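*Asks:* please find the sequence and the predicted model below.
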Amino acid sequence: MNIRFFIIWILVAVYSLGGYSQATLEIGNTASDTSKEVNLEASIRKIIENKKAQVGVAVILNGKDTIIINNDHLYPMMSVFKFHQALAVANYLQQNNLPLSTEINITKEDLKTNTYSPLRDKFPEGNISLPISELLAYTLQLSDNNACDILFNYIGGPQVADDYIRSLGIEQFAIVATEDDMHKDMNVCYNNWSSPLEAARLMEILLTRKLFNDDYQKFIKRTLTECETGKNRLAQPLQGTKAIIGHKTGTGDRNAKGQLIGTNDIGFVLLPNGNRYTIAVFVKDSEESELMSSQIIADISEVVYRQVK
């Protein structure tokens, strides 16, 4: 284990000592705290005003102080739901007493050609067996669509993931469709949805609640910090800092109206001064460019980081 990952485990262990419940989602305990949050909310609203998109934001600061903007909309998660799936996979392994090294057989038919899949690009003929840990790395780091559906098939489908996440107390979301379902009908993308707050809460739960075997939980946290997608979103303003970010992105195509269905990023940020926050930004039905839709997320990430650091 290199020094960076050692530091990540130390920070995550420290932050995980604190508890979390929905009852703690209250705005600041002091006038100073409240003032900072009001200013932060105003800064975020300034960023999203006049943007041709529905933008939803939730930030949970140190497990208690919460900022919510446009939370009462249903935002298509796109590949953000692969984070939810990863938690459900870990729970399935725990329930069946299986290690992350458990292998799954993958056929050529599993590697669909009409979708984004570095896994298929590496093993175009299939007929291989890969450990679940590697498939999770493909989904969380690279957002591989075939790996996602292989894992859904393994645990019993999207409903298994939906049921598990609900068992954690998360309610304002739905997971009903596979990646293949969404590729067959673009409108189905809207059926896998979440509120920003529930997405941020789920990240908070990962940090603060013991969900399953430490090996599974630490693996998911670490793999999120190794995310390779969406570096121009939440992660962009943190580059060159000592902040540690773990995140999962989601990106959709344009719908029949020419709007980008979803440009999303959710994550956790651990700061050297002991502060932390979880954040979810969903950009729905954007008429902006792909670059601008991502920049909205980066700009929001920057103002939050500067406020909290």
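*Replies:* Noted; the coordinates are in hand.
*Asks:* what segments of this protein are strands?
*Replies:* Assigned strands in the chain, in chain order: 54-61, 65-69, 75-76, 103-106, 128-131, 173-174, 193-194, 244-251, 260-270, 276-286 (criterion: DSSP state E).
*Asks:* dump those strands into CSV; add mean pLDDT, distance to L234 and mean neighbour count as well.
*Replies:* Any C-beta I mention is one placed from the backbone N, CA and C, and that applies to glycine too. Formatted as CSV, these follow (pLDDT from 0 to 100; distance: least, Cβ to Cβ, whole Å; neighbours: other Cβ atoms under 10 Å):
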stretch, mean pLDDT, distance to L234, mean neighbour count
strand 54-61, 98, 11, 24
strand 65-69, 94, 15, 21
strand 75-76, 98, 15, 26
strand 103-106, 98, 30, 15
strand 128-131, 98, 28, 14
strand 173-174, 98, 19, 20
strand 193-194, 98, 16, 26
strand 244-251, 98, 5, 25
strand 260-270, 98, 4, 27
strand 276-286, 98, 7, 27
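*Asks:* how about TSV for those, with distance to L207 added?
*Replies:* Shown next, in TSV, are the strands of the chain (distance: least, Cβ to Cβ, whole Å):
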stretch	distance to L207
strand 54-61	10
strand 65-69	15
strand 75-76	22
strand 103-106	28
strand 128-131	25
strand 173-174	18
strand 193-194	18
strand 244-251	9
strand 260-270	6
strand 276-286	7
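*Asks:* of all those, which lies closest to S301?
*Replies:* strand 276-286 (6.9 Å; Cβ to Cβ).
*Asks:* ok, which of the strands of the chain comes nearest L87?
*Replies:* With respect to L87, and counting by Cβ to Cβ, the nearest of the strands of the chain is strand 244-251 at 11.0 Å.
*Asks:* and the angle from that closest one to strand 260-270?
*Replies:* On the basis of axes from the mean of the first three to the mean of the last three Cα atoms, to 10 degrees, strand 244-251 is oriented at 170 degrees to strand 260-270.
*Asks:* pull the CA atoms of strand 244-251 into PDB?
*Replies:* The C-alpha coordinates for strand 244-251 follow below in PDB (Å, rounded to 0.1, in the frame of the first residue of the first chain):
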ATOM      1  CA  ILE A 244      -9.000  13.700  -0.700                       C
ATOM      2  CA  ILE A 245     -12.100  13.100  -2.900                       C
ATOM      3  CA  GLY A 246     -14.000   9.900  -3.600                       C
ATOM      4  CA  HIS A 247     -16.700  10.300  -6.100                       C
ATOM      5  CA  LYS A 248     -19.000   8.700  -8.800                       C
ATOM      6  CA  THR A 249     -20.100  10.400 -11.900                       C
ATOM      7  CA  GLY A 250     -23.000   9.900 -14.300                       C
ATOM      8  CA  THR A 251     -23.400  11.100 -17.800                       C
END
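*Asks:* who touches it?
*Replies:* Contact with strand 244-251 is made by 7-8, 11, 76-83, 140, 143, 221-222, 224-225, 227, 229-230, 233-235, 238, 262-270, as judged by Cβ atoms under 8 Å, 6 or more residues apart in numbering.
*Asks:* one step back: quick one: which of the strands of the chain is nearest V38?
*Replies:* Nearest to V38 among the strands of the chain is strand 65-69; the distance by Cβ to Cβ comes to 9.2 Å.
*Asks:* packing partners for that closest one?
*Replies:* On a contact count with 3 or more Cβ pairs under 8 Å, 6 or more residues apart in numbering; DSSP states H and E, strand 65-69 meets helix 31-48, strand 54-61, helix 196-208.
*Asks:* and with 10 Å instead?
*Replies:* Under the contact criterion of 3 or more Cβ pairs under 10 Å, 6 or more residues apart in numbering; DSSP states H and E, the helices and strands touching strand 65-69 comprise helix 31-48, strand 54-61, helix 196-208, strand 276-286, helix 290-308.
*Asks:* residues making contact with that strand?
*Replies:* Residues from elsewhere that reach strand 65-69 (Cβ atoms under 10 Å, 6 or more residues apart in numbering): 24-29, 33-34, 36-38, 40-41, 44-45, 47-48, 55-61, 195-197, 200-201, 204, 277-281, 300, 304, 307-308.
*Asks:* most tightly surrounded among the helices and strands packed on strand 65-69?
*Replies:* Ranked by mean neighbour count, the helices and strands packed on strand 65-69 are led by strand 276-286 with a mean of 27 (mean count of other Cβ atoms under 10 Å).
*Asks:* just give the closest residue to the residue nearest to the spatial centre of the chain, not the sequence neighbours.
*Replies:* Ranked by distance to the mean C-alpha position of the chain (Cα atoms, centre = their mean), the top residue is K248 at 3.5 Å. Leaving aside its sequence neighbours, K248 sits nearest to F83 (Cβ to Cβ, 6 or more residues apart in numbering; 4.2 Å).
*Asks:* do N105 as well
*Replies:* Leaving aside its sequence neighbours, N105 sits nearest to S129 (Cβ to Cβ, 6+ apart; 5.2 Å).
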